[in-house]
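Novice: sequence plus predicted model, see below.
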Amino acid sequence: MSFNRKLLATAALIVILAILPLVVGRDDIINLMFMMFLSVTLAQSWNILGGYAGQVNLGHAAFFGVGTLVARYLWFSGTPIYVAMLVAGLVAVIFALIIGMPTFRLRGAYFAIGTLGVAETVRITVGNVLPIVTALPSNFIVNYDLNLRYYAALVLAVLTVLVTYWLVNSRTGLGIVAVREDEDAGEASGVSALKHKLIALAVSSFFAGVAGGLFAFYHVSYYYQFPFAPNWTFDALMITYIGGVGTLIGPVVGAFFYVTVREWLAVSIVDAHLFVFGAIFICVVLLLPGGLVEAWTKMQRVRLLSRLLRPTPPVKSVVKGRGEQT
Amino acid sequence: MPIDALTQGLVFGILVGALYGLAAVGLSLVFGVMRVLNVAHGELLMIGGYASFWFFSLYGIDPFVSLAATIPTLFVIGIVLHRGLFVHVTKLREEDRIKNSLLMGFGLALILDNLAIRLWTADERSITTVYSGAAASLMGVSLPYVRVGSLLFALVAILALHLFLTRTYIGRSIRATAEDWEAAAIVGINVDRTYLLAFAIGTALAGAAGALVSVGYSINPGIGLEWTLKALIVIVLAGMGSVGGTLAGGLLLGAVESVSVYFIGGAYREVVGLVMFLLVLLLRPKGLFGN
């Protein structure tokens, strides 16, 4: 597809999604779509650092969780929710940079296991300090508007994808990818590895924090510890890889696939979705490192090739026709 | 009196610390030799624990005796996992090896967790032998036989691994491969087979640790991540890939945890280890006992 057609298709999709709540009156579908948008945001934010910058972050849930804490607190203290979400993102960035600055100096597995350690530390501490359920006050529940949450999630998901697009096509984005491909070569040509990793981390954690804010806005009640659970990291990571790591469309496709299949599995086989996704994930890492996006491109290529190789009847008839004329 | 409680806590900490060391040494070996970070190591430990549990509850075999069967079982599982999964990772360059093995280990952990829940339910399991409650007493400090036995086994296993790696021909070939696999291949070491052996030994050691956890403590399908983290903490304390340092790291972690329980309470037991881990990672990434 050419750029203009892609743009048109994207715009059409967004318009359809925007009209959806007006046409579909079912809350379950709206809730499912909300989960999908939240997953797109979380996965795409993971992808900025994990895919484009090549740094495996096993503590994404910590940024998400910090976002929920900050947003919930500010919102309940009277701050408008959208401001609270924004602040949640900024606090997540500060938190992320504190972890990132020391661990990015080390190569290899240090960042991955460091983030895993940080996430578990924060999760256990939150569970100890706030071992309670947070619930919306009654006046918030009375005014609860699901469609509002739906649109907030849609806007956030679109915004995350747009910012990612803008970032990876900028000069900084090229630097980020260069650092992933070869840190030494990048440094040699004047691309600071540390700086570019930190930029990717900042953008990534910002959207994770805002997504946390969205979570705080959406859920009526949950344990404070819940959004810090490692599942949130694993979901984002798996969605990104299944869809196509380091591509713009991958996390979107992955989120659609993941949420739909999970829903379907929950209905047919109880609670086996992690087993199934674990298997799919390993297959992707081993056999199809580009995920569904790569599978699609390969299929297109095979179809094109088979069309070229097939002797097509119309060509024959044209040759015959010419032969008859002469 | 309070000092006695502290001493008792410290002794319990050292006893569990030996298990931390044993749990970590397999992961450390695999990482040191193959540059593969298997985050499903805790799940392998969990499977070892279940193997021991079922040997005991189905056939009544004493958990220390059934180690003779648990260890070979996990060794075979290690071979299968290496041949089926991790062998593909070892063909990549070093940075990609770490990253892809992390990802694969994580997928594997999800599968094993959920498989264990399906097969054996999510119940907490523990082996209770006739001597489980018994304990020796030394100067007022209680020493449960089971945990002392686990400590001794862990010491013997780590020492045996050390001797194997330094005194035998195969052990030396493993170390040579860890140093520089290309040079090892040039002098005629079969690198692929060495990797297979290292991975199988690492898995067997995880299984042994799991068996001891199921008798002295308890197991459930969800303990994998917790034990992987324990092993990672120990490895970071010890310095990556060092076998001798791993035991010291394990004992240190156990001791620090138990002393922290005495001063700030049990709720932060895990956090203390993790904070220590992060501090070492930030200030001295080569590890406390590394060169």
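Specialist: Here it is on my side, so go on. Numbering: from 1, shown residues only, chains lettered A, B, ... in the order given.

Novice: show me where chain A has its strands.
Specialist: A:133-135, A:221-223 (DSSP state E).

Novice: now for B:Ser57, how many residues are close by?
Specialist: 12 (other CB atoms under 10 Å in any protein chain shown). Yep, even glycine has a C-beta here, placed from its N, CA and C like the rest.

Novice: show me the contacts for it.
Specialist: B:Ile127 (CB atoms under 8 Å, 6 or more residues apart in numbering or on different chains).

Novice: same question for the one 4 residues further on.
Specialist: Listed by CB under 8 Å, 6+ apart, the contact partners of B:Ile61 are B:55, B:69.

Novice: just for chain A, where's the confidence low?
Specialist: A:1, A:107-108, A:270-271, A:311-326 (pLDDT under 70).

Novice: looking at it, which residue is nearest chain B?
Specialist: The minimum distance from chain A to chain B, using CB to the nearest CB, falls at A:Gly278 (3.3 Å).

Novice: tell me what the lowest-mean-pLDDT helix or strand in chain B is packed against?
Specialist: Ranked by mean pLDDT, DSSP states H and E, the helix or strand of chain B with the weakest confidence is strand B:135-138, at a mean of 79. Other elements packing on strand B:135-138 under the criterion 3 or more CB pairs under 8 Å, 6 or more residues apart in numbering or on different chains; DSSP states H and E are strand B:141-144, helix B:145-167.

Novice: run the last query once more with 7 Å
Specialist: strand B:141-144 (3 or more CB pairs under 7 Å, 6 or more residues apart in numbering or on different chains; DSSP states H and E).

Novice: how far off centre is the least confident helix or strand of chain B?
Specialist: How far strand B:135-138 lies from its chain's middle: 27 Å, per CA atoms, centre = their mean, to the nearest Å.

Novice: quick one: contacts of it?
Specialist: B:142-145 (CB atoms under 7 Å, 6 or more residues apart in numbering or on different chains).

Novice: got those residues as a markdown table, with distance to B:Thr203 columns?
Specialist: Formatted as a markdown table, the contacts of strand B:135-138 follow (distance: CB to CB, whole Å):
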| residue | distance to B:Thr203 |
| --- | --- |
| B:Ser142 | 34 |
| B:Leu143 | 30 |
| B:Pro144 | 28 |
| B:Tyr145 | 28 |
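
Novice: return the member of those residues nearest to chain A.
Specialist: B:Pro144 (26.7 Å).

Novice: how many residues are close by that closest one?
Specialist: With other CB under 10 Å as criterion, B:Pro144 counts 18.

Novice: how confident was the prediction at it?
Specialist: For B:Pro144, the pLDDT comes out at 86.

Novice: residues of the stretch 101-250 of chain B that sit close to chain A?
Specialist: By CB under 7 Å from any CB of the partner chain, the residues of the stretch 101-250 of chain B that approach chain A are B:102-104, B:106-108, B:110-111, B:114-115, B:225, B:229, B:232.

Novice: switch to 6 Å and redo it
Specialist: Counting by CB under 6 Å from any CB of the partner chain, the positions of the stretch 101-250 of chain B adjacent to chain A are B:102-104, B:107, B:110-111, B:114, B:232.

Novice: buried residues in stretch A:264-276?
Specialist: In terms of neighbour count (16 or more other CB atoms under 10 Å in any protein chain shown), stretch A:264-276 has its buried residues at A:265, A:273-276.

Novice: tell me how many other residues crowd the residue of chain B found nearest chain A.
Specialist: Residue nearest to chain A within chain B (CB to the nearest CB): B:Leu110, separated by 3.3 Å. Using other CB under 10 Å, B:Leu110 has 25 other residues around it.

Novice: show me the contacts for it.
Specialist: A:274, A:278 (CB atoms under 6 Å, 6 or more residues apart in numbering or on different chains).

Novice: for it, give its distance to A:Asn231.
Specialist: 10 Å (CB to CB, to the nearest Å).

Novice: for the chain, what's the longest helix?
Specialist: You didn't pick a chain, so chain A it is. helix A:193-218 (DSSP state H).

Novice: chain B was what I was after
Specialist: helix B:2-34.

Novice: tell me what it is packed against?
Specialist: strand B:141-144, helix B:145-167, helix B:169-179, helix B:191-216, helix B:224-238, helix B:243-264 (3 or more CB pairs under 6 Å, 6 or more residues apart in numbering or on different chains; DSSP states H and E).

Novice: rerun that using 8 Å as the cut-off
Specialist: helix B:41-59, strand B:141-144, helix B:145-167, helix B:169-179, helix B:191-216, helix B:224-238, helix B:243-264.

Novice: can you tell me the closest non-neighbouring residue to B:Phe56?
Specialist: B:Ile127 (4.9 Å; CB to CB, 6 or more residues apart in numbering or on different chains).

Novice: and that neighbour, that's in a strand?
Specialist: No - read with DSSP: H, G, I helix; E, B strand; the rest coil, B:Ile127 is coil and lies in no strand.

Novice: just to revisit the earlier point, kindly reformat the buried residues of stretch A:264-276 as CSV containing distance to A:Ile29.
Specialist: Shown next, in CSV, are the buried residues of stretch A:264-276 (distance: CB to CB, whole Å):
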residue, distance to A:Ile29
A:Leu265, 18
A:His273, 19
A:Leu274, 24
A:Phe275, 26
A:Val276, 23
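
Novice: near chain B, from those residues?
Specialist: A:274-275 (CB under 8 Å from any CB of the partner chain).

Novice: coming back round to it: so in that sheet, which strands flank the least confident helix or strand of chain B, and in what orientation?
Specialist: strand B:141-144 (antiparallel) (DSSP bridges).

Novice: restrict the partner strand to CA atoms and write it as CSV.
Specialist: This file holds the C-alpha atoms of strand B:141-144, laid out as CSV (Å, rounded to 0.1, in the frame of the first residue of the first chain):
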residue,chain,number,x,y,z
VAL,B,141,20.0,-22.8,68.9
SER,B,142,17.6,-25.2,67.2
LEU,B,143,18.9,-27.0,64.1
PRO,B,144,16.1,-28.9,62.2
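
Novice: and the contacts of that strand?
Specialist: Taking CB under 8 Å, 6+ apart as the rule, strand B:141-144 contacts B:4, B:7-8, B:11, B:15, B:132-137, B:216.

Novice: ok, now with 10 Å
Specialist: Identification of contacts with strand B:141-144 by CB atoms under 10 Å, 6 or more residues apart in numbering or on different chains yields B:4, B:7-12, B:15, B:131-137, B:150-151, B:216.

Novice: can I have the buried ones of the residues you listed as a ChimeraX selection?
Specialist: Entered in ChimeraX, the line below selects the buried ones among the contacts of strand B:141-144, by 16+ other CB under 10 Å:
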select /B:8,9,10,11,12,15,150,151,216
